[in-house]
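Chemist: sequence unknown, structure follows:
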C-alpha cells in the first residue's frame, strides 16, 4: 500500500519531470498523509502547434478518493489507495480509470513492517537513482451537498516486488516517464490498453531505509524523519522542535 510519501524536489525539478511548463512555488514535504492536498498531473488540452511540451496540466487534489455517487462521506471509507488489479471494474474507481488517470510525483514513500512485539518498523523507500518517481493515480471530482466541488484522488497499488515484499505485500504502481503519455491518454486509450503498465517496479529500483517512528506522527514534517536508524530500533528519539512547516501541510500549494 502507500499511506505516506514525500515530495522534496524543487518545483522546477518536479515540473521538468512531469513535462509541465511550470509550477507555483512550494516547500519540500517530508510526510504527506491522506486527506492532505497532493500534486497530480493529468492530460490537458492539446497545445498549440510548435510546442515541445506534452499536453499536461497540474492540479491539487485531496488524497482520498470520493466517488461521485457517494451521498454521505461520513459513512464512506477513505480511499487513498486503489488495488490496480480490479480498479477498472470496481464501482468506486471505474469511471476514473476510464476518464481521469493521473500520476503523482514523489521522492519516495514510507511503509511499515510489523514485528513480534506488535510495533512496526518504519522504512523510507526511495528510488536508488535518487531522482523523482511517479505513482499511477486516479482523480475523481466530488460535488459536496452544499454545492461546492472538490477534486479527490487515490494512488494505485500492486503486489510488492522483492525489494518491498519483506516489509509489506503491496506497493504503489510506478509509471516510468517514457510511459506517461500512454498512461495519461484517456481520449484514445481505455483501461485495457494500459493494463500492462500496472505492474511492480523492477527489482533493484527501490531501496528501503529503516527510519525511526517519528514518521508515524503527521505533525512531524522535517527531514529528520528520513534519517537512517538501526532496523531493530523502533522507538523514536525525542521529537525535535518544529520549524512551523507542519502547519503548512494543508495549504502548501
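Modeler: Okay, I see it. Given the structure is predicted, the values throughout are model-derived calculations rather than measurements. Numbering: from 1, shown residues only.

Chemist: Please name every helix or strand in contact with the helix or strand that contains residue 209.
Modeler: Element membership for residue 209 (DSSP states H and E) is strand 206-211. Helices and strands touching strand 206-211, by 3 or more CB pairs under 8 Å, 6 or more residues apart in numbering; DSSP states H and E, are strand 108-114, strand 120-127. For glycine as for every other residue, the C-beta is placed from the backbone atoms N, C-alpha and C.

Chemist: Let me know which of those is the nearest to residue 137.
Modeler: strand 108-114 (12.6 Å; CB to CB).

Chemist: Contacts for that closest one next, please.
Modeler: 1-6, 31, 120-127, 133, 135, 164, 166-168, 171-172, 206, 208, 211, 215 (CB atoms under 8 Å, 6 or more residues apart in numbering).

Chemist: among the residues you listed, which ones are buried?
Modeler: The neighbour-count test (16 or more other CB atoms under 10 Å) applied to the contacts of strand 108-114 identifies 1-6, 31, 120-127, 133, 135, 164, 167-168, 171-172, 206, 208, 211, 215 as buried.

Chemist: Contacts only, for residue 67.
Modeler: With CB under 8 Å, 6+ apart, residue 67 has these contacts: 79, 91, 92, 93, 95, 140, 142.

Chemist: So among these, which ones count as buried?
Modeler: 79, 92, 93, 140, 142.

Chemist: Let me know the closest of those residues to residue 226.
Modeler: Closest to residue 226, out of all of the buried ones among the contacts of residue 67 and judged by CB to CB, is residue 79, at 26.7 Å.

Chemist: circling back: mind putting the contacts of residue 67 into CSV with pLDDT and distance to residue 36?
Modeler: Converted to CSV, the contacts of residue 67 look like this (pLDDT from 0 to 100; distance: CB to CB, whole Å):
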residue, pLDDT, distance to residue 36
79, 97, 15
91, 96, 25
92, 96, 20
93, 98, 20
95, 97, 24
140, 97, 17
142, 96, 16
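
Chemist: Just the residues you listed: which are in strands?
Modeler: 140, 142 (DSSP state E).

Chemist: quick one on the thing from earlier: wait, which of the buried ones among the contacts of residue 67 is closest to residue 40?
Modeler: residue 140 (11.2 Å).

Chemist: For the stretch 51-200 of the chain, which segments are assigned as helices?
Modeler: 94-99, 180-184 (DSSP state H, counting those that start in this stretch).

Chemist: The helix of greatest length in the chain - contacts with which helices or strands?
Modeler: As assigned by DSSP state H, the longest helix anywhere in the chain is helix 11-18. Contact analysis of helix 11-18 by 3+ CB pairs under 8 Å, 6+ apart lists strand 56-63, strand 101-106 as its packing neighbours.

Chemist: Having no further points to raise, I will conclude here.
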